[in-house]
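1. Here's my sequence, what's the structure:
(3 chains)
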Amino acid sequence: MWEQLADLYATYQSTLGYIGINSLLALSVYTTLSCGQLALGSAGFAAIGAYAAALLTMRAGAPFPLALLAAALLPAAVAVPLGLPVLRLRGVFLAIATIGFGEVVRLGIVNWDYVNGAQGIVAIPQKASLWMIFLAVAVALFALGRLRGSKWGFALEAIREDEPAARTMGIATTSYKLAMLVAGAALAGVAGGLEAHFTFMVAPNGFGFGRVVDMLVFAMVGGAQVFWGPVVGAAFLTLLPEILREVAPLVGIEPGPLRLMVNGLVLLAVILFLPNGIVSLPQRLRELRQARRAAA
Amino acid sequence: MGQQIINGLFLGSIYALFALGYTLVFGVLDILNLAHAAVFMLASFVALALVGHGIPILLALPLAVLFAGLLGVALERIAFRPLRGRADSNISGLISSLAMATVFEAVALEIWGPNISRFPFGTVPETQFSLFGGVVSKLQLAIIAVAVVLFLALTWLVKATRLGREVRAVAESPRAARILGVDVDRAISASFFISSALGGAAGVLFGLAFNSISPDMGRSVELKGLAVIILGGMGSMPGAVMAGFALGLTEVFVVANLGASWRDAVSFAGLFLVLVLRPRGLLGTAALREA
Amino acid sequence: MHFAGRSSLFVAMALAAVGPARAETVVKIGAALSMTGPAAVYGATQKAGILAAVDEINKSHMLKGVKLEAVIEDDASTKEQGIAVFQRFINRDKVAAIIGPTLSNTATAADPLAQAAGVPVVAVSNTAPKGITDIGDHIWRVSLTEYQVIAPALKRMQARLGFKKAGLLYGNDDAFTQAGYNVMKASLEATGIAIVGTQTFAKPDKDYNAQLTALKALSPDILMVSALAENAAGIVAQARQLGWNVPIWGGNGFNSPAFIKNAGPAAEGVYVGTAWNKASTDKANQDYLALMKSRGVDPDQFCTQAYVGVHVIAEAIKLSGMKGTRAAIVAGFHKVKDLPTPLGTFSFNKDRDGDHAPSLQQVKDGRFQIVP
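-> Okay, here's the model as predicted:
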């Protein structure tokens, strides 16, 4: 029995690790969503963090905690000059500008010989363990949870609900938005650094437009109204391919196209029927039941 | 040099056609329709399938374009209409369209597989002309011409027809338009029809031009399309066309002088600068900053 | 509970003493292939090769008492799923060996896990010179590295065409094509041939007119291209459309029927350095072509390398006493020598990389023909 459990753990260990990494990435998009900004630069920030950490451990022999610190600080530093001009833009324009930023980072890496371009950095020692990843997630959740109900939390909510009004009330909207962008950048950077030391390698093709879209989807499917929603979304969507792998032969469709189809349909269903994500499911069911009772 | 100009105009016309549809929906609904590239791709496959069944390309093209338009109407009905009342409708619309794009791609993958398909040889005549010291094919000229013609037709439609006026009214303010008696739902459906038809036309022409049709063929134009509509100004159709050609020419000359590695970096850096310095773009009029 | 456990143990021992009735050992081979995502084209053809090989080996009973079973999973061209698939193979399905993954980038992330767990991996499409077999002594490779194919092919091309100036065009956002370019560049420099211009493109690109026009203006004697099949067809077609008749030489990615199909008449005369000579008259190759034809598959290099990968594993099982365990297979690999395969006579070299003679082909009359 123990052997079976050990095998189960070994089989799903990497999936568990990715639940943690994807949670951090989802949270990095959430930080700006929580004040109503759709910033999609997290793939670029994750790339900066991943490469910084990898270069420090591989080329400079730095200890892993130091590399992780750099993975958090460097993207955060980059987020400031990025955010100042870009956070003035509304809605979709901010999204596009940050997507552009992510692409520029990726292209920079592809064209930089020092880091082997598209082939990436390989043979990175596996220094990130599961408990480290989950610790990072726990710390992030704790920090974001503390914001709720605090002066910060109220300010962020006010900005999300009605930014012009918030500004009129004297809230320094730009500072708050920038702080959230910086926090998100740090989270993404740490996720990148952990991933690099969990999967033995980094390459630019893991940090494209598709990746940041995944992160947004984790946050939205889980629920972007509460700080722990993105983690639920990340966990669900990271497990989904593994679940589908079991289900596919029973249904008779190849797992690949099935996975794409299910991803699309889940996302559509959530957006249309459960806009506040999976975490709002209990509440939604309650509402439906009440409505039915009222109608009866 | 002449050849590079031809290259640039040709590439630019593809970008312009793609961006026209994109910018139309944004101008009317304030939503970025990320399923546009998937409609682009499906139209190309449909045209391919029709040609495979013996239908001549001159008939297959309008049929595929019609299909694309109808797909756009369905897309609006399923993915955008239910979200209309919501406060964060442009973010949720973006995500909704993304979901539909994923579903479309999965369908294409299931039906046609991942391989690259091409139109059978001889679908379009291969004749070439010499122009300005360069070589241009009949097809390339046709595509440039089609882009210009469609743009003019669209401009006429929007400026001179009643439908066009209704669409513009809805773009300005859906509520006011409804009060004025405009059938807002119909105007929006029409916008999506036209937008997706344009995207479909771009897809079929792209498939003919490059003979490389696959479920992920939209990827190369998708992000460039974004750059084009920003440069041209969101919601501005002349802007989209001008910016499309400008981007095509710029990309070609960057490649010729700096190398292709710089090409995309230049596009995105340009996008970035425009957003930061002149978010309105060349000709846009949409409100872009917080009040 | 304990009593039931002990009694079932007793029954099992009794059965073992009596002897099994012609039991066959099932040896599972896990195949981590990209069935979706950018590398899906290659995954599909690899799957065909693997299934063909497994069926052939089982039907022919060449492994007495051993039945092969292929477990094929999709890694979605991402390292995240590649790792997940490897973990399943190692810990759940308990495979004896793993074939794949399709992409080099995924391999650098997933292979270390197999190495740590003592599971042999046979790379059948990873061609990056570093970072694959040097992960450890359980990682073996059937696909020739770019260096093994390009360097000799270049020498023969130079002898044949005598070019002095070369133009280079390669995909810089893909590990496979980038590695190919690095080798092309190094080989050209080693032979003292001038590189007059270098251009790049990205995998999703379809328009190469700007790059080709820029290179054409520099008048090289030969255009060398490192690209995957879908880009290859477009590049060649557009080069000819621009009226440029320079000899074109393509890397490993060109070696696919998809290239000829999509490029059409433009493919005529293109040279391709390849690990697989489709036109070889060797019996192993002809039998393979017949087998694939009977299965309705038009094989390409990736399909063939996957097919050979399975055969190499089977050979290793045979050479190590039909045991089919992970360690036995690794021991068997050390002994594989001059195995007849469609790729030629195959052995592993001391770096655990594949060793067989590469070929130079030219497209003539719509088919790859060997250049003698």
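
2. Return the helix or strand in chain A with minimum mean pLDDT.
-> helix A:255-273 (a mean of 85; mean pLDDT, DSSP states H and E).

3. and if you look at chain B?
-> The least trusted helix or strand in chain B, going by mean pLDDT, DSSP H and E, turns out to be strand B:128-131, with a mean of 81.

4. any idea of the mean pLDDT for the next helix or strand after that one?
-> Going down the chain from strand B:128-131, the next helix or strand is strand B:134-137, by DSSP states H and E. Averaging pLDDT along strand B:134-137 gives 84.

5. Pull out the buried positions in strand B:134-137.
-> Neighbour-count burial for strand B:134-137 flags B:134-137 (criterion: 16 or more other Cβ atoms under 10 Å in any protein chain shown). C-beta here means a position set from N, CA and C on the backbone, and glycine is covered the same way.

6. How about the residues of the stretch 101-250 of chain A by chain B?
-> By the rule Cβ under 8 Å from any Cβ of the partner chain, the part of the stretch 101-250 of chain A lying against chain B is A:101, A:103-104, A:107-108, A:110-111, A:163-164, A:167, A:209, A:213, A:216-217, A:220.

7. and if you look at chain C?
-> So chain C meets chain B at C:36, C:38, C:40-41, C:43-44, C:172, C:198-202, C:204-207, C:209-211, C:213-214, C:229-230, C:233-234, C:237, C:241-243, C:258, C:261-262, C:264-265 (Cβ under 8 Å from any Cβ).

8. Now do the buried residues in stretch B:68-81.
-> B:68-69, B:71-73, B:75-76, B:79-80.

9. err, stretch C:158-170, not the other one
-> Result for stretch C:158-170 [16+ other Cβ under 10 Å]: buried residues C:158, C:163, C:166-170.

10. A:Leu40: which of those is nearest?
-> Taking Cβ to Cβ as the measure, C:Tyr170 is the one of those closest to A:Leu40, at 29.7 Å.

11. Can you report phi and psi for the closest one?
-> C:Tyr170 has phi and psi values of phi -150, psi 160 when expressed as degrees, to the nearest 10.

12. any idea how far stretch B:1-12 is from the chain center?
-> Centroid displacement of stretch B:1-12 relative to its chain, using Cα atoms, centre = their mean, to the nearest Å, is 20 Å.

13. contacting residues around it?
-> The contact list for stretch B:1-12 (Cβ atoms under 8 Å, 6 or more residues apart in numbering or on different chains) reads B:131-136, B:140, B:143-144, B:209, B:244-253, B:256, C:207, C:209-210, C:213-214, C:242.

14. With stretch C:315-325 instead?
-> C:25, C:27, C:62-66, C:96, C:328-333, C:335-336, C:339.

15. Please export the C-alpha coordinates of that stretch as CSV.
-> Extracted in CSV, the C-alpha atoms of stretch C:315-325 (Å, rounded to 0.1, in the frame of the first residue of the first chain):
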residue,chain,number,x,y,z
GLU,C,315,17.4,-5.5,-30.1
ALA,C,316,18.5,-4.4,-26.7
ILE,C,317,16.0,-6.7,-25.1
LYS,C,318,17.1,-9.6,-27.3
LEU,C,319,20.8,-8.9,-26.5
SER,C,320,20.3,-8.9,-22.8
GLY,C,321,18.5,-12.2,-22.5
MET,C,322,14.9,-11.2,-23.2
LYS,C,323,14.6,-9.9,-19.7
GLY,C,324,12.9,-6.6,-20.6
THR,C,325,13.8,-4.8,-17.4
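
16. Go back to the residues of chain C next to chain B and keep what's next to chain A.
-> C:36, C:40, C:172.

17. Between those residues, which sits nearest C:Trp140?
-> Among those, C:Ala40 lies closest to C:Trp140 (Cβ to Cβ), at 24.9 Å.

18. Hmm, C:Ser34 and that closest one touching each other?
-> Yes. Counting by Cβ atoms under 8 Å, C:Ser34 is a contact partner of C:Ala40 at 5.7 Å.

19. what about those two, which has more around it?
-> Between C:Ala40 and C:Ser34, counting by other Cβ atoms under 10 Å in any protein chain shown, C:Ser34 is the more crowded of the two (29 against 25).

20. Please consider this matter closed, and thank you.
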